[in-house]
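Engineer: how would this look folded up:
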Amino acid sequence: MKLSHIPLRLSTGAFILNSGLGKQKLDKDTAAAMQEMGSRAFPSLRQMDPEKFGKLLAYGETALGAALLLPFVPSRLAGLGLAAFSGSLLAMYFKTPHMTAEDNVRPSPEGTPYAKDVWMLGIALALILDPKNKKPTAIPTT
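Structural biologist: The predicted structure follows:
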């Protein structure tokens with residue numbers, strides 16, 4: 001892991017791990033409310049049992065947070081996981097009524113807490129696109 005990746009991975013990893021651990025014992029009503037928000041972006045989520053959805057969400061966030069914090073997980077791989085996660089959250093943000101202002105981009109007061117997910121997407125892209133992540137290529141010999 002590059003030195004410059006440490007703050008990116010620590011900040012997002014700790015945040016997501018804490019969120020996942022906090023969801024480990026969701027009650028059925030809270031899980032159902034989260035499922036409803038998620039199903040606006042991903043309608044197939046409506047078919048799941050709310051408690052199962054809550055558990056999968058908790059496990060997924062916990063695993064992603066841990067992957068970002070573990071130094072042996074390659075930055076590009078951790079970034080791909082973070083991009084999928086933050087992209088899903090942004091899809092939910094854009095498809096939830098009253099989260100955006102009239103322009104359907106800027107956050108409304110209700111959407112401001114969710115708009116932070118754009119920062120996680122930016123961090124993910126920095127981890128993925130860093131040219132130093134590429135495997136070294138062999139130098140041709142003559």
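Engineer: find me the pLDDT at A101, would you?
Structural biologist: Here the pLDDT value assigned to A101 is 90.
Engineer: list the residues that contact it.
Structural biologist: Applying CB atoms under 8 Å, 6 or more residues apart in numbering to A101 gives the contacts 107-108. Where you see a C-beta, it was placed from the backbone N, CA and C, and this is true even at glycine.
Engineer: separation between it and S86?
Structural biologist: As judged by CB to CB, to the nearest Å, A101 and S86 stand 21 Å apart.
Engineer: with Y114 instead?
Structural biologist: 11 Å.
Engineer: same check, this time on E36
Structural biologist: Distance from E36 to S86, by CB to CB: 20 Å.
Engineer: OK, contacts around K23?
Structural biologist: By CB under 8 Å, 6+ apart, the residues touching K23 are 54, 57-58, 61.
Engineer: which among these count as buried?
Structural biologist: Buried members of the contacts of K23, counted by 16 or more other CB atoms under 10 Å: 54, 57-58, 61.
Engineer: need the residues you listed in TSV (columns: secondary structure and pLDDT).
Structural biologist: Shown next, in TSV, are the buried ones among the contacts of K23 (DSSP: H, G, I helix; E, B strand; the rest coil; pLDDT from 0 to 100):
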residue	secondary structure	pLDDT
G54	helix	96
L57	helix	96
A58	helix	97
E61	helix	97
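Engineer: thinking again about what came up before, so which of the contacts of K23 comes closest to L70?
Structural biologist: Checking those against L70 by CB to CB gives E61 as the nearest, at 14.9 Å.
Engineer: my read is that the closest one contacts L17, right?
Structural biologist: Yes. If you go by CB atoms under 8 Å, E61 and L17 touch, sitting 7.4 Å apart.
Engineer: okay if I get the buried ones among the contacts of K23 as a markdown table plus distance to L129?
Structural biologist: Putting these into a markdown table (distance: CB to CB, whole Å) gives the following:
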| residue | distance to L129 |
| --- | --- |
| G54 | 33 |
| L57 | 27 |
| A58 | 30 |
| E61 | 24 |
